[in-house]
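K.L.:
build me a structure from this.
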Amino acid sequence: MVSSPRLRVRHAGVLLGLCLSMARPAMAQYYSFKSYAQAHGLKNVAVTTIAQDRMGYVWAGTQSGLYRYDGFRFMPVGGKGDLPSFDVLGLQATADGAVWVATRAGVAIARGAQVSRVPTKTPLQVDGTAHVAVDGLGRLYVGSRSGLLRVALTDSGLVREDHLADEPASGVYIASDGTVWFGCGQDLCRMEPDGRVARFGARLGLPAETWDSILMDGNGALWIRSVRRLFVWHRGAERAQALDAGLPNANVSAPRMQVLPDGQMAVPTDEGLALFSAEHLRLITDDSGLPGNSISSVLVDHEGSVWLGILGAGIARWLGYGEWEAWTKSGGLLSNTIWATRRDGTGRLWVGTNSGFSVLDNGAQVWRGITSSHGGLPGARVRAVTIGRAGEVWAGTSPGAVMRFDRQGRIQKSYGAAEGITDPLIQGVTEDADGSLWVSTGSGLFRGRRIEGEWRFEKVSLVSRGRIVSIGL
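P.N.:
Sure thing, here's the model as predicted:
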């Protein structure tokens, strides 16, 4: 059973202060994934499909066998006599706790650690991970070269097989109301209540393609995917809209798409995981932290965690999906060495680094840098930053001085020896409830007050002598 403790952090300023030491930028954000491969029991890392059963166990189908994750390791399930083929392509969990297993040579059903082959009269060769689906009664719908079939087991264990469509079938999707959508030849079809097959490709403006993956999102829009193309049919629209500009191809067959907890649509590709939000495409790749780019499967588990099957790289669990963001130098930060982070009242993020200030304006996609050569910083290493009660930003460089920025993020003035801060090794800056500014340095503590409109600083005597490296109120 899966046990994945999750830390929920709701304030991005605090969150980024914790995770930026491993970071990247808005133009190429870096994400954290936990990888599962040979060391975790997967003898074959060509993972083709993943699913979770009612009890919480995560199942993985690979090109050479079936595995079940018990919370610690992936254990092999099913032997030569149990699976029609070790090339597992589809997994579908049922409400009663069973898991249907689709392979290139037929289907089987798993109950716990026991796997039983399900013999069918019609030869079933499943060619895609999204070519199977389960309805509310636990019946398996299979798109195969022999057509669309429905397979069920009776209470006595007998196999019931219904041939629903003769034309070669591909992707299968069963909507919440029981409507069955499927790829039929190079068209999109729907099974009508009276058993007739209705074709939708021409009326929606779809090109002739093998539609491997079909899914309806939370707004009732139907997403339709082939290896090369992606369309979405919005409820009430006359025709489907193409969304594949800039979208990489899938592998041999387009894997199953998945709606993520925040409503984004996840579309697996051979070059990373494509995420659509308001029809805007964002691609997550190995440059963003993925252990591999050839995504074969996406699973949202019972706790809302996101799991990815990756051909050649095993399984990756997305740590803190929707809660954590991270950036590094390769994506826009001035340095990977981070000393301080704060978010001001406008939503602007200030990051003090070894090479200057990296600033991400609210809603921006690219970091901007403020350095000693470009921006007038009195030093390169920004060791401290705080947000004043009036909304201004205070920062300290070491060696250097204390700086004040206005609400628009423009530097207003630097404060050093002339204003009373006689030690340039600034370590910390904060403001107290009275509006006084406190500055810690390598040799002691300074307090700043506004006197006749100008800030003046004085050194504060301490009972014990020693270096003050940080202060906070």
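K.L.:
how about the residue nearest in space to the middle of the chain: what's its closest non-neighbour residue?
P.N.:
Geometric centre of the chain, nearest residue: Tyr321, 5.3 Å, by Cα atoms, centre = their mean. Counting by Cβ to Cβ, 6 or more residues apart in numbering, the nearest residue to Tyr321 once its immediate chain neighbours are dropped is Val306, at 4.6 Å. Using the backbone N, CA and C atoms, a C-beta is placed for each residue, glycine as well.
K.L.:
hang on, that neighbour packs against Leu319?
P.N.:
No. Between Val306 and Leu319 there is no contact under Cβ atoms under 8 Å: 9.4 Å.
K.L.:
can you point out the buried residues in stretch 106-122?
P.N.:
Under the neighbour-count criterion of 16 or more other Cβ atoms under 10 Å, stretch 106-122 has Gly106, Val107, Ala108, Ile109, Ala110, Val115, Ser116, Arg117, Val118, Thr120 buried.
K.L.:
what do you get for stretch 279-286?
P.N.:
Leu281, Leu283, Ile284, Thr285.
K.L.:
which residues of the stretch 1-150 of the chain score low on pLDDT?
P.N.:
Within the stretch 1-150 of the chain, the segments meeting pLDDT under 70 span 1-28.
K.L.:
mind listing what the residue nearest to Ser294 when sequence neighbours are not counted touches?
P.N.:
Nearest non-adjacent residue to Ser294, counting by Cβ to Cβ, 6+ apart: Leu311, 4.1 Å away. Residues near Leu311 by Cβ atoms under 8 Å, 6 or more residues apart in numbering: Ala46, Val47, Thr48, Asn251, Gly292, Ser294, Ile295, Ser296.
K.L.:
ok, Ile174 touching Asp135?
P.N.:
Yes. With contact defined as Cβ under 8 Å, Ile174 reaches Asp135; the gap is 5.2 Å.
K.L.:
shared neighbours, those two?
P.N.:
Between them, Ile174 and Asp135 share these contacting residues under Cβ under 8 Å, 6+ apart: Tyr141, Val180.
K.L.:
between those two, which is the more surrounded one?
P.N.:
Set Ile174 next to Asp135 and count neighbours by other Cβ atoms under 10 Å: Ile174 wins out with 19 against 16.
K.L.:
what sits against the more buried one?
P.N.:
Taking Cβ under 8 Å, 6+ apart, we find Ile174 in contact with Ala133, Val134, Asp135, Tyr141, Val180, Trp181.
K.L.:
and the gap between the fifth one and Asn293?
P.N.:
Which is Val180. Note on Val180: its distance to Asn293, by Cβ to Cβ, to the nearest Å, is 32 Å.
K.L.:
number of nearby residues for Val159?
P.N.:
Neighbour count of Val159, defined by other Cβ under 10 Å: 13.
K.L.:
how near is it to Ala110?
P.N.:
For Val159, the distance to Ala110 equals 16 Å [Cβ to Cβ].
K.L.:
repeat that for Glu454.
P.N.:
76 Å.
K.L.:
with Gly347 instead?
P.N.:
Counting by Cβ to Cβ, the gap from Gly347 to Ala110 is 49 Å.
K.L.:
follow-up on the earlier one: contact partners for the residue nearest to the centre of the chain?
P.N.:
Leu260, Pro261, Gly304, Ser305, Val306.
K.L.:
ok, which stretches of the stretch 151-300 of the chain are strands?
P.N.:
159-165, 169-174, 180-184, 187-191, 197-199, 213-216, 222-225, 230-233, 241-242, 258-259, 265-269, 272-277, 280-284, 295-300 (DSSP state E, counting those that start in this stretch).
K.L.:
quick one: strands adjacent to the first one?
P.N.:
Using DSSP bridges, the strands paired with strand 159-165 are strand 147-153 (antiparallel).
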